[in-house]
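Novice: need a structure here:
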Amino acid sequence: MRPPCDLELVVPALNEEHRLPATLIAMLTELDRLDGISSRIVVVDNGSSDRTAETVDALRAIYGDDRLTLIGCSIGGKGAAVRRGVLTSQARSIGFVDADLATPAHVIHDVVALLATGHDVVIASRRCAGATYSVHQPPVRRVGSWAFRRAIRGLVPDVSDTQCGFKFFSARAASNLFSELATAGFSFDVELLVRAHALGYVIREVPIAWSDAASSSLNPVNHGGQILRELIRLRRDQLAPRRAAVRRPARRLIRG
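Specialist: Model prediction:
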């Protein structure tokens, strides 16, 4: 466990030596502008074969271990890496940010303001009212995103964007949601929000100006099968309680 602080940001990283420096510097700069809030970034190395660890260590030498930390995760998958970062935290609020920082770093100010007013789940959104795309996705990824939204329809009511990699939680909500997280891959966001909805948390969306990252690690062709299997399991798990209720025999009334 790391020392307590007000806010921790988890950054899952798999072979991110080239994108991490700009992302970490941008986030650390914005965190420094949060008055009276102690913060830390936790990079979770998910089995990188490049110089991801050395890149983070070089920045740690500049910013200090209390601001930037590196840990590892032996279980493959973005969801597994984020889960490890969150469940080893003692921060009052914690969230995760993608290594490509497609969401502008300054959005953290809006997120922190909402967390401070008692919101338990605050997520950035590319599709809620007020959101824009400053750099659009290429056609293949747009088709993949459309198919994904169709596949999850009904799983998370009233949430316009489940997949934006900028989500934050109160410590209580983080513990409740991540302790039982079963999805290790890219669809873990959906499971988190399904759990949040089931537990009665209000999910607050923050509109952003989003920029597509051309070198994103998510490839609809390569990862499509894995994502489909994860969504089928989530859909099955969500329907299981309803099926059990239907099968349960009705109790007979005993009249005196």
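
Novice: in stretch 158-171, what's buried?
Specialist: 159-171 (16 or more other Cβ atoms under 10 Å). From N, CA and C alone the C-beta is placed, and that goes for glycine too.

Novice: stretch 169-186 too?
Specialist: Across stretch 169-186, burial judged by 16+ other Cβ under 10 Å covers 169-171, 173-174, 176-178, 181, 183-186.

Novice: next: stretch 207-214.
Specialist: Residues of stretch 207-214 classed as buried: 207, 208, 210, 211, 212, 213 (neighbour count, 16+ other Cβ under 10 Å).

Novice: so which of these is the closest to residue 39?
Specialist: residue 208 (19.7 Å; Cβ to Cβ).

Novice: narrow the buried residues of stretch 207-214 to those in strands?
Specialist: 207, 210, 211 (DSSP state E).

Novice: state the distance from the nearest residue in space to residue 106 that is not next to it in sequence to residue 110.
Specialist: The shortest distance from residue 106 to any non-neighbouring residue, by Cβ to Cβ, 6 or more residues apart in numbering, is to residue 30 (5.7 Å). Using Cβ to Cβ, to the nearest Å, one gets 11 Å for the distance from residue 30 to residue 110.

Novice: more neighbours, the two?
Specialist: residue 30 (18 against 15; other Cβ atoms under 10 Å).

Novice: and that one, how far from residue 14?
Specialist: Distance, residue 30 to residue 14, by Cβ to Cβ: 24 Å.

Novice: then residue 119?
Specialist: From residue 119 across to residue 14, the span is 30 Å (Cβ to Cβ).

Novice: SS state for residue 134?
Specialist: For residue 134, the assignment made with DSSP: H, G, I helix; E, B strand; the rest coil gives strand.

Novice: so it touches residue 211, yeah?
Specialist: Yes - with contact defined as Cβ atoms under 8 Å, residue 134 reaches residue 211; the gap is 4.9 Å.

Novice: can you give me the pLDDT of residue 210?
Specialist: Here, the pLDDT recorded for residue 210 equals 85.

Novice: need the phi and psi values for the residue lying closest to it once chain neighbours are set aside.
Specialist: The spatially closest residue to residue 210, leaving aside those adjacent along the chain, is residue 126, at 4.4 Å (Cβ to Cβ, 6+ apart). Torsion angles at residue 126 (phi, psi; degrees, to the nearest 10) stand at phi -90, psi 0.

Novice: could you do the one 5 residues further on as well?
Specialist: Geometry field for residue 131 lists phi and psi as phi -80, psi 150, criterion degrees, to the nearest 10.

Novice: and of the buried residues of stretch 158-171, the nearest to residue 54?
Specialist: Using Cβ to Cβ, residue 165 is the member of the buried residues of stretch 158-171 that lies nearest residue 54, at 23.6 Å.

Novice: ok, that closest one to residue 79 distance?
Specialist: Counting by Cβ to Cβ, the gap from residue 165 to residue 79 is 12 Å.
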